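In: Kindly return the folded structure for what I paste below:
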Amino acid sequence: MTKLTLTKTFAVDIEKADEERTLTAIASTDNPDRDHDVLKADGWDLKNFKNNPVLLWGHQSSELPIGTVTDIKQEGNKLVFKARFPKAGVSQKADEVYGLYKDGILRAFSVRFTSTDYKQNKEGGLTFEKAELLEISAVTVPANAEALVQSVKQLKEESEEDMADTQAKKEEKVLTMEEVEAKIKEMTENIEKNATEKANALFEDTKKEYEETIKEQRKALEELNKTLNELKEAEKARKEAEEKAKEQEKKDMGKMTKAPAVIEKHTDETRTKDFMKAMLERDYVGLKDLSEGTDKYGGYLVPNEFRNQVLQIMGDGGVARREGTVINMSGDTLNIPRLDTKTAVSWTAESGTISSGTPEFGTVTLTAKKAALIVPVTSELFEDSAVNLQQILAGMFAEKLAEAEDTQAFTGDGTVFTGILEESDINTVTMGTGDTGFANVALDDLFNLIAAVKQSVARNGKFFMHRTIWSTVKNMTDTNGNYVFNPTDQTLLGYPVVFSDDMNSISDTAISTVFMGFGDLRNIYIGDRRRISIALADQATVGSTNLYEQDMLALRVTERIGIAIALPQAFAVLKTAAA
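Out: The predicted structure is shown next:
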């Protein structure tokens, strides 16, 4: 007997929709459907299906599943299963389908199965004694192609070979133009054959049914012709678009000054190396192609790949850039509003007047300024292909630029930027009388430092100091000579500790001198123009080094950044007593 592969769509009762995004569905399969077919509930073969029980959408096996089928089993004359959908957010499609079922908008599932054990029943349909379940899909209603195949299937007395050919049409897929044309030809031949030969040979009481089948086939043929015309129009539009794209590509290639092979070689991996080589060889055409442009100081903006590498190293090594808030700037000035005072809550009687308060807003202004660095290098370093020049230069630039940023963020005196220690509105805690040296720091001083800032700030607070001060603090002992703090833990009183070489070291001890701080370092704002430029010189004298005489080159590196302390009150500093 010919093996049939069919799809059947059932309206279902959603018995349960629980919090685990699981639907319990009951599909009645032991009663004749609209095609008079009967699927025996006790004839289901579920073994292979349970090995991969995926839930599809619309039998689209080429797309990702929308869920899984669990607890599938026979209960009486019903095939019962649970459709479990993934967690919300995993699949947008699954979320949409689950919501439609849960709201009662979707109420159908479709089973796809194969069978070789079937026979014609007295209703004119087929009774499937045994069926192997292939997959279950969530569906709306059967597609036109499926409706067409279901009507074709009603020719129950066709030979087994004809039934196999008919079944091939049940495959739900996106048809190509050639497949549509083939189906039109095939269906046209079958329609005429069925209309003239088969209908006359059928019993008189079933002739009307077959005439309806022919009518449906002709309607489906019209739909296929319509689809074919749409495919032809789409193919025509695609070819026209391809021709236009080719013409435009030819025009664009004609405008280029470099051959495609030259441009192709500048990949992300070699762009920086080629940029440095072009600079050394004074290849200004190559520099224009490889750089991100020029700046007003006569340098070339380095490739984005090299710039990002420098910024990453700066973020790893620089305290201010790592702990602070980095804001990209599109211009040289950026004004950022801040809330200086908040409105107050008032308590009043039932009929009393509610007082109002007005919040006050301030402004943090980031003004980008130029930071410059001159790095002498040998010509051999540029010319040696075995040297990772990009890594060496990125490390040199990043280290020095990060040091410059940290100096301005912590101890800037206002000449360029004003740092934390020089802000006039910062909270200052002075050690007790007689505590005139850094080594006199006590546990009470640390508590006072934390208490000097608001609780909302202290939640994200960190201590910051020089490493030598940290050593002094960690060596604190109680009256019994035991260490107050765990020597291996880089925290104080539960707060992290950040080291900065720009803070005073133990050797800088003096009266009335700040040497430690506490606060939310995110209030260090760094405005970054994200532009690093390089210029090359070989005729100048850098310090006492004559570049020409010593066959050396000098790279002038510049960046433009702005630094501001967004909220000085977010910090407190500890200083020694005057006497």
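In: From now on I want contacts and neighbour counts done on CA atoms only, so please keep to that.
Out: OK.
In: Can you show me the strands along the stretch 351-500 of the chain?
Out: 360-367, 369-378, 427-430, 462-465, 491-492, 495-499 (DSSP state E, counting those that start in this stretch).
In: I'd like those strands written out as JSON lines, with mean pLDDT and distance to V573 added.
Out: Shown next, in JSON lines, are the strands of the stretch 351-500 of the chain (pLDDT from 0 to 100; distance: least, C-alpha to C-alpha, whole Å):
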{"stretch": "strand 360-367", "mean pLDDT": "74", "distance to V573": "21"}
{"stretch": "strand 369-378", "mean pLDDT": "74", "distance to V573": "27"}
{"stretch": "strand 427-430", "mean pLDDT": "95", "distance to V573": "5"}
{"stretch": "strand 462-465", "mean pLDDT": "96", "distance to V573": "9"}
{"stretch": "strand 491-492", "mean pLDDT": "92", "distance to V573": "15"}
{"stretch": "strand 495-499", "mean pLDDT": "95", "distance to V573": "14"}
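In: Tell me which helix or strand in the protein has the weakest average pLDDT.
Out: helix 144-152 (a mean of 31; mean pLDDT, DSSP states H and E).
In: Tally up the residues packed near K40, please.
Out: 19 (other C-alpha atoms under 10 Å).
In: okay but it is in contact with T127, surely?
Out: Yes - contact criterion C-alpha atoms under 8 Å: K40 and T127 qualify, at 7.5 Å.
In: Burial check on E186, number of neighbours?
Out: E186 has 11 nearby residues by other C-alpha under 10 Å.
In: With just CA atoms, put the strand or helix carrying T116 into CSV.
Out: Element membership for T116, per DSSP states H and E: strand 108-120. Taking Å, rounded to 0.1, in the frame of the first residue of the first chain, the C-alpha atoms of strand 108-120 are listed here in CSV:
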residue,chain,number,x,y,z
ALA,A,108,-5.9,25.3,16.1
PHE,A,109,-3.0,22.8,15.9
SER,A,110,-2.0,20.7,12.9
VAL,A,111,-0.4,17.3,13.0
ARG,A,112,1.8,15.9,10.2
PHE,A,113,1.9,12.1,9.9
THR,A,114,2.6,9.2,7.6
SER,A,115,0.5,6.0,7.2
THR,A,116,0.5,2.8,5.2
ASP,A,117,-2.4,1.2,7.0
TYR,A,118,-5.6,2.8,5.8
LYS,A,119,-8.8,1.9,4.0
GLN,A,120,-11.8,3.7,2.5
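In: re earlier: and the strands of the stretch 351-500 of the chain as TSV, adding mean neighbour count and distance to T436?
Out: Shown next, in TSV, are these (neighbours: other C-alpha atoms under 10 Å; distance: least, C-alpha to C-alpha, whole Å):
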stretch	mean neighbour count	distance to T436
strand 360-367	16	35
strand 369-378	15	37
strand 427-430	20	10
strand 462-465	23	17
strand 491-492	16	22
strand 495-499	17	22
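In: List just the one of those strands that sits closest to A278.
Out: strand 369-378 (16.0 Å; C-alpha to C-alpha).
In: And for A510, the neighbour number?
Out: A510 - counted by other C-alpha under 10 Å - has 17 other residues nearby.
In: and if you look at the one 3 residues further on?
Out: Using other C-alpha under 10 Å, T513 has 19 other residues around it.
In: What distance do you get for it to G432?
Out: 13 Å (C-alpha to C-alpha, to the nearest Å).
In: Equivalent analysis for M396, please.
Out: Taking C-alpha to C-alpha, one finds M396 at 43 Å from G432.
In: need the contact list for S115.
Out: For S115, the contacting residues are K3, L4, T5, F128, K130, A131, E132, by C-alpha atoms under 8 Å, 6 or more residues apart in numbering.
In: Skip the chain neighbours and tell me the closest residue to the fifth one.
Out: Put plainly, it is K130. Of all residues not flanking K130 in the chain, G43 sits nearest, at 4.3 Å (C-alpha to C-alpha, 6 or more residues apart in numbering).
In: Give me the neighbour count for the one you found.
Out: 14.
In: M396 and G432: which has the busier surroundings?
Out: Of the pair M396 and G432, G432 is the one with more neighbours under other C-alpha under 10 Å, namely 17 against 14.
In: Near the closest residue to the more buried one other than its chain neighbours, how many other residues are there?
Out: Excluding the flanking residues, the one nearest G432 by C-alpha to C-alpha, 6+ apart is A577, at 6.2 Å. The number of residues packed around A577, counting by other C-alpha under 10 Å, is 21.
In: what's near enough to touch A577?
Out: T430, M431, G432, T433, G434, D435, T436, G437, I511, S512, T513.
In: and with 7 Å instead?
Out: T430, M431, G432, T433, G434, D435, T436, I511, S512 (C-alpha atoms under 7 Å, 6 or more residues apart in numbering).
In: Y98 too?
Out: F85.
In: What's the separation between it and S505?
Out: When Y98 is compared with S505 (using C-alpha to C-alpha), they lie 64 Å apart.
In: Summarise which helices and strands the strand or helix carrying R238 is packed against.
Out: Assigned by DSSP H and E, R238 belongs to helix 207-255. Judged by 3 or more C-alpha pairs under 7 Å, 6 or more residues apart in numbering; DSSP states H and E, the packing partners of helix 207-255 are helix 144-152, helix 177-193.
In: Next, the angle helix 177-193 makes with it.
Out: 160 degrees (axes from the mean of the first three to the mean of the last three C-alpha atoms, to 10 degrees).
In: How many residues are close by the nearest residue to D502 once chain neighbours are set aside?
Out: Using C-alpha to C-alpha, 6+ apart and skipping the chain neighbours, the partner closest in space to D502 is T407 (5.8 Å). Using other C-alpha under 10 Å, T407 has 20 neighbouring residues.
In: need the contact list for E559.
Out: K370, A371, A372, R531, I532, S533.
In: what bridges to the first one?
Out: The partner list for K370 in beta bridges (DSSP bridges) reads R560.
In: wait, what's in contact with it?
Out: Neighbours of K370 in contact, by C-alpha under 7 Å, 6+ apart: T558, E559, R560, I561.
In: what's the burial count for the residue lying closest to I313 once chain neighbours are set aside?
Out: Distances taken as C-alpha to C-alpha, 6+ apart place A398 nearest to I313, at 5.8 Å, with adjacent residues excluded. By other C-alpha under 10 Å, the residues close to A398 number 22.
In: for N229, same thing?
Out: 14.
In: Could I get the pLDDT score of it?
Out: Listed pLDDT for N229 reads 86.
In: How much space separates it from N546?
Out: N229 is 79 Å from N546, by C-alpha to C-alpha.
In: one step back: just the buried residues of the contacts of S115.
Out: L4, T5, F128, K130, A131, E132 (16 or more other C-alpha atoms under 10 Å).
In: ok, now how distant is the first one from K130?
Out: Between L4 and K130 the distance is 11 Å, computed by C-alpha to C-alpha.
In: so where's the stretch 451-579 of the chain shaky on pLDDT?
Out: When residues are selected by pLDDT under 70, those of the stretch 451-579 of the chain lie in 530-531, 535-540, 542-543, 547-549, 551-554.
In: What residues does T436 make contact with?
Out: A510, I511, T576, A577, A578, A579.
In: Surely the fourth one forms part of a strand?
Out: Pointing back at A577 there. No - with DSSP: H, G, I helix; E, B strand; the rest coil as the criterion, A577 is coil rather than part of a strand.
In: returning to what we had before: sheet partners, orientation included, of the strand holding T116?
Out: strand 4-11 (antiparallel), strand 126-139 (antiparallel).
In: Kindly compare burial across the ones you listed and name the winner.
Out: strand 126-139 (a mean of 21; mean count of other C-alpha atoms under 10 Å).
In: List the contacts of that one.
Out: With C-alpha under 7 Å, 6+ apart, strand 126-139 has contacts from 36-40, 43-46, 49, 55-59, 108-115, 117-121.
In: same check, this time on stretch 409-428
Out: Against stretch 409-428 from outside (C-alpha under 7 Å, 6+ apart): 320, 408, 452, 502, 524, 563-565, 568-569, 571-574.
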